[in-house]
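> Below are the sequence and a predicted model for it; my questions follow.
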Amino acid sequence: MTIRVYNTLSRKKEDFNPIEPGKVKMYVCGPTVYDYCHIGHARSVVTFDVIARYFRYRGFEVTYVRNFTDVDDKIIRRANETGVDSREISEKFIREFYNDMDALNVGRADFEPKVTEYIEEIKDFVLKLIEKGNAYQTDGDVYYSVESFKEYGKLSGRKLEDMEAGARVDIDERKHNPFDFALWKSSKPGEPAWDSPWGKGRPGWHIECSAMSSKLLGETFDIHGGGKDLIFPHHENEIAQSEGAYEKPFARYWMHNGFININQEKMSKSLGNFLMIKDVLKSYHPETIRVFLLSNHYRSPIDFTDKAMDEASSGLDKIYALLERVETVTGMSPNEGGDPGKSGEYWNRFTEAMDDDFNTAKAIGVLFDAVRNINRTLDENSERLSDALKNTVHSERSDIVKMGRILGIFTESPKVYFEKKKRQGLEEKSIDPAGIDQLVRERSEARKAKNWARADEIRKQLEEMNIVLEDRPEGTVWRIEN
RNA sequence: GGCGGCAUAGCCAAGUGGUAAGGCAGCGGUCUGCAAAACCGCUAUUCACCAGUUCGAAUCUGGUUGCCGCCUCCA
């Protein structure tokens, strides 16, 4: 079974055929580090994290590159606004990026290049484009001539003529065509600058990805990804640069993730509704965020709402509860299972879903099917679980754990997961757990004495505090409702 | 103005020619002192609307309506 990938370039799903059999080389545009990461960054990074994980589990040798843009107008602007050195700003927000992404259990890419580390390569690239007649110098700036690349617009489906009609483009007399873009920008005093044949300056926005990808992955590589908004102009311009310079296809498959809305509104500066990852993490378990993100197909828009997050949270609780149940009933240790050699029915269905353009939404449906099936088996055999059924349960649980490894969830033991969740809920609602425990003890005494009236009274009292009790054979446990 | 996307039950959502996954919520049941959790059953003869292609369409074609994105260095 081959993996199918939706290619923005052809606007179709295609069979994935790597350049080198068994190897995947992918480049994903990372953040410009001038602020904290918002939930939209999380979607992009988590999406491609899962894709890279899945390729690896499917036996591919993956080389994954995700860059940091650490020289950029926005960083400089932030530096000017705050009086902080631009280098300090970029370093700070790279640290913050790692804080957020580590929390979200995002794996590191194989290469995480920064623009400032590739200045020489970038200058060479610009020189090459000038030599080939794709770029021209004017004052201390170098521009790419879009008219020199006859396929300009092939990714975004635009034509230069069409765009000129209604677009609002800055009129710059020095440009041959309004859509020409900067490869190298001369610097003002105090701005980050490097010596170059064109004077002191810095790279333009698009050139870094062309330069770094060719250095790390080659002139042609398999997958190039990023957010939908990057299709134009960023990725269009990368194609113009790289194919202009090397005269061969740049990336074979272009993958773009959709956007996140907040309560049906686009995140925007004017609305001031940018939702930062670090803030979402205050209210929700990181795996809840992953489940939320992966519950929709990566190309569809998704709407971030408290309700959607609560639903994701309930779903995750249900699965962790099942894992805990299996652990209790069969004595299977928390991290046991996930044997890659063995594959059960659910695992097979899961890979079918993932093979189809990484359909994590469908894959999560399979996950819930597996959960229900194990619960059913355990319910129907609550008296005694035969060895044969025990093996079935083990195998199905093993499938679930394997799926979790791809999706980047179930990394905690159920016990720790529920404890963490409880702690977070207590903090948010400022509830004192000792008081709850006291009431629960009192209720247990009442129950022992068959004083049901008192027991129910306490249950009711706790219910009003959003505390739900569960009387299990081994004792009463409580949890906070969302 | 140009380009593109989307419209599936109360809500979220998968499904690109073969007769509607899954989750949340709701109702009924099993279990329970009562609950909770779990499980079982029920909840879209129907996929925005109209026409067409086809033995057969949510899925393809044309049109209509509605929503959204990009064309502003916002993932």
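Nice, thanks for sending it over.

> The stretch 251-400 of chain A: strands as residue ranges?
Per DSSP state E, counting those that start in this stretch, the stretch 251-400 of chain A carries strands over the ranges A:251-257, A:260-262, A:265-266, A:302-304.

> Of the ones you listed, which stretch is the most buried?
The highest average neighbour count among those, using mean count of other CB atoms under 10 Å, belongs to strand A:251-257 at a mean of 23. C-beta: built from backbone N, CA, C; applies to glycine.

> show me the contacts for the residue in the stretch 351-482 of chain A positioned nearest to RNA strand B.
Of all residues in the stretch 351-482 of chain A, A:Gly365 sits closest to RNA strand B, at 2.6 Å by CB to the nearest atom of the strand. The contact partners of A:Gly365, by CB atoms under 8 Å, 6 or more residues apart in numbering, come to A:Ala353.

> so how far is A:Lys282 from it?
30 Å (CB to CB, to the nearest Å).

> quick revisit: where among the strands of the stretch 251-400 of chain A is the average confidence lowest?
Per-stretch averages of pLDDT across those put strand A:265-266 at the bottom, with a mean of 89.

> buried ones in stretch A:8-27?
A:8-9, A:14, A:16, A:18, A:24-27 (16 or more other CB atoms under 10 Å).

> can you put those in TSV and add distance to A:Gln461, pLDDT and secondary structure?
Shown next, in TSV, are these (distance: CB to CB, whole Å; pLDDT from 0 to 100; DSSP: H, G, I helix; E, B strand; the rest coil):
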residue	distance to A:Gln461	pLDDT	secondary structure
A:Thr8	57	93	coil
A:Leu9	62	92	coil
A:Glu14	60	91	strand
A:Phe16	58	94	coil
A:Pro18	62	96	coil
A:Val24	57	97	strand
A:Lys25	61	97	strand
A:Met26	55	96	strand
A:Tyr27	58	97	strand
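
> Pick the one among those residues closest to RNA strand B.
The shortest distance between RNA strand B and any of these, using CB to the nearest atom of the strand, involves A:Thr8 and amounts to 8.8 Å.

> Surely that closest one touches A:Arg252?
No. Look at A:Thr8 against A:Arg252 with CB atoms under 8 Å: they stay out of range, at 11.5 Å.

> near RNA strand B, which residues of the stretch 301-450 of chain A show up?
Where proximity means CB under 7 Å from any atom of the strand, the interface of the stretch 301-450 of chain A facing RNA strand B comprises A:301-303, A:307-308, A:310-311, A:314-315, A:318, A:321-322, A:356-357, A:359, A:361-362, A:364-365, A:368-369, A:371-372, A:375-376, A:378-380, A:447.

> of those, buried ones?
In terms of neighbour count (16+ other CB under 10 Å), the buried residues within those are A:302, A:311, A:315, A:321-322, A:356-357, A:359, A:362, A:364, A:371, A:378, A:447.

> Between which two of those residues is the distance greatest?
A:Asp357 and A:Arg447 (53.3 Å; CB to CB).

> In the stretch 1-150 of chain A, which residue sits nearest RNA strand B?
With distances taken as CB to the nearest atom of the strand, the stretch 1-150 of chain A approaches RNA strand B most closely at A:Gly40, which sits 2.5 Å away.

> Equivalent analysis for chain A, please.
A:Gly227 (1.6 Å).

> Find the nearest non-adjacent residue to that residue, please.
Counting by CB to CB, 6 or more residues apart in numbering, the nearest residue to A:Gly227 once its immediate chain neighbours are dropped is A:Ser44, at 5.0 Å.

> and the helix or strand hosting that neighbour, which residues are buried?
With elements taken from DSSP states H and E, the one containing A:Ser44 is helix A:39-57. Under the neighbour-count criterion of 16+ other CB under 10 Å, helix A:39-57 has A:39-56 buried.

> For stretch A:134-143, measure first residue to last.
Distance across stretch A:134-143, first residue to last, is 9 Å (CA to CA, to the nearest Å).

> can you tell me if it touches RNA strand B.
No. Stretch A:134-143 does not reach RNA strand B (CB under 7 Å from any atom of the strand); its nearest approach is 10.7 Å.

> Distance from that stretch to the middle of the chain?
36 Å (CA atoms, centre = their mean, to the nearest Å).

> Report the inter-axis angle for the helix or strand encompassing A:Cys209 versus strand A:251-257.
Using DSSP H and E, A:Cys209 falls within helix A:207-217. Between the axes of helix A:207-217 and strand A:251-257, defined by axes from the mean of the first three to the mean of the last three CA atoms, to 10 degrees, the angle is 120 degrees.

> quick one, helices of the stretch 1-150 of chain A?
For the stretch 1-150 of chain A, the helices defined by DSSP state H, counting those that start in this stretch cover A:39-57, A:73-82, A:86-103, A:119-131.

> got the phi/psi numbers for the closest residue to A:Asn263 other than its chain neighbours?
In space, A:Asn263 comes closest to A:Thr305 once its chain neighbours are excluded; the distance is 5.6 Å by CB to CB, 6+ apart. Listed backbone geometry of A:Thr305 is phi -140, psi 160, with angles given as degrees, to the nearest 10.
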